[in-house]
Structure formats: C-alpha cells, structure tokens
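Q: heads up, no residue letters with this:
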C-alpha cells in the first residue's frame, strides 16, 4: 500500500470519526452542525476545479450556479408552490437545470480566455443575482424562499435537530462526486481538458475540439455548483436571499481551488477544509468564545472576528502564493511527467 493510499484511508477514517468529537467536547464547541457547510463548498469547488484546475479557464461565477441550484430546489420543493417533489427529486432537477445554464453560458464563451472570460463570468453572476431579486412573485425577492424539506433518505426524513445523519449523507455525496471527478480525469474528456490547459493550439492540432471540451467543462462544473446550491438550501431549509450568492462567495470557492492546489483533487478537499472551515467553524467559535468572556460587543466592529475574515483570507492567499505558488497539495510530479510524456 502506497503512502498516498495510507493517508487517504486515514483522512477518510478521520472524517467518519469527526461527529464523535461532539461526545467529548463541551456543548459550546460541538462541530458536527457546521461540517455540512464545508462539504457543500468542497462539492462546488470540485466543480470549479474541472474548469479552472483541469481546463485552465478562469471562472468567477461559481456562486451564480449555486444560486440557480438553490432557487430551483426551493421552487420545486416549498409548500407555497404546487410542485413539492421532495428532497431527492429536487436535487436531481436542480442539478440538471444548473447544468443547462452552464451549457447556455459555455457555448458562446468557447473562444474567450483569460481576463475576457473572467469578466463575462462575473457579469453572469451579477445578472443572475439581479434576476433573482426582481422576480419577486417567484423568488420572493430579497426574502428568499423558506419552508423547504430537510435532507433525508427516502421514507426516512432526518430531524433538523440531529446533525450527524446529515453530515454522513453529505459526506457520502462528496465521496461520490470525488469518485466521478477521479474517473473523469482519467477519461478521454479529462485528457482533453488537460491538453486544453497546457496548450490550446497544440490540442487543436491533435484534433481536439477545444470549443466542445470547454462547453462540456462548463456544463459539468455548473451541475456540481447547482448540486451544492441545492444542498445548501436544504441544509438551511431556505434558499437564502440572492445576496448570499454574491461575488465574495465565488472568490471563496476560487480560493479553495487555488490554495489547495490546481490540478489536485486532494488539494481541493484540503482547501475547502482550511478556507471554509476557517470561515464556518473557527471564526464562529471564536466569536462565541469572546462573547462568553464578555469581550467586545456588536457595536464594536473591531473585535468581531467575522469583520476580519476577508483580511485574513487575503493574507493567506498572499502567503500561499509567495511560499507555495502551486498550492498546498499541488498536482503530483508523476502525473505531470505522464501528462507531458
């Protein structure tokens, strides 16, 4: 058994054992209710990695596909509309609609690269956010859609007060997505994506339809973004307001991919644990600890940890790019050698 396989098994065992920490930690430091958020970000980041890490296309609109998935799930499952198709059909339909949106966006963008592609994806994210705010009869405007079904298995709904079953369900979905991304990487499409990233002209000379490959990458990435958005909405039992899926969320997902390491699925998971975990767990627990100690108040913005979040994110990016420009867990040298062979 190789060292990588050993570390993989240890990481999986640690992930399975994380909810057990709640049995020994004091109630104020329980972590299981916060872990599904990290798993959602990992799923969305794996989708973005297909476009940015594998194909080398800069996409700054990941949050837009999350919002499409979240609102599609909300409209199809809430009690205020006649559909109410349930959790699992809602996930499937939301993922399909987000994939369709990714295809519609990807087809006209197959010739764009670099800054031009980044600007268009930013614009797409702003358009989606404004549309959701202004379609008030459907999306309820800035209020969002509530009363959504909580995650569960067919015939076995999970009680919202119990977080461990949801964590294991989301972890299973993440592992399935990770397995699919691994299979994709070794497929003909995966090799075409790597060829597109390394040298588009050479890829065309080898007979690769780079436009079709780029559009396919956008479609798959959008599908995973929509899946993450639907899981996010189910977790909160609300679509949240459109401003939740803003440019800052897209940047957070991009930071996960870059900090973890372009071209590495393990890096994406590590990046999600560090970036999303810092935001969802460390800062929240630090804020609660300061409140219990009587330090600071809502009126004093300087002692609120969440107000320093993006400053710390920016500092972390600067340090990673300076000290580890390829990310914390970059693509292994063996794969690079095989790729260039």
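A: Arrived safely. As the structure is a prediction and not an experimental result, all values here were calculated from the model.
Q: what about residue 69, how many residues close to it?
A: For residue 69, the neighbour count with other Cβ atoms under 10 Å is 35. Quick note: C-beta positions are derived from backbone N, CA and C, even for glycine.
Q: Quick check: closest non-adjacent residue to residue 42.
A: Closest residue to residue 42 apart from its sequence neighbours, by Cβ to Cβ, 6 or more residues apart in numbering: residue 272 at 3.8 Å.
Q: which residues touch the helix or strand containing that neighbour?
A: Using DSSP states H and E, residue 272 sits in helix 265-277. Here helix 265-277 makes contact (Cβ atoms under 8 Å, 6 or more residues apart in numbering) with 8, 11, 37-39, 41-42, 45-46, 49, 53, 178, 181-182, 185, 252, 255-261, 313, 316, 327-331.
Q: quick one: contacts of the helix or strand hosting residue 310?
A: Here residue 310, judged by DSSP H and E, is contained in helix 309-323. Residues from elsewhere that reach helix 309-323 (Cβ under 8 Å, 6+ apart): 248, 252, 255, 258-259, 274-275, 278-279, 283, 327-328.
Q: cool, and stretch 192-201?
A: 50, 54-57, 113, 202-203, 206, 208, 210, 213-214, 217, 339-340.
Q: redo that, cut-off 10 Å
A: Outside stretch 192-201, the residues that touch it by Cβ atoms under 10 Å, 6 or more residues apart in numbering are 50-57, 113, 184-185, 187, 202-206, 208-214, 216-217, 220, 262-263, 331, 335-336, 339-340.
Q: Neighbours of residue 289, how many?
A: Count around residue 289 with other Cβ under 10 Å applied: 13.
Q: any idea how far it lies from residue 147?
A: 33 Å (Cβ to Cβ, to the nearest Å).
Q: thinking again about what came up before, what angle separates the helix holding residue 310 from helix 265-277?
A: Computed by axes from the mean of the first three to the mean of the last three Cα atoms, to 10 degrees, the angle separating helix 309-323 from helix 265-277 equals 150 degrees.
Q: And helix 309-323, what's buried?
A: Buried residues in helix 309-323, counting neighbours by 16 or more other Cβ atoms under 10 Å, are found at 309, 313, 317, 320.
Q: If anything else comes up later, I'll come back, but that's it for now.
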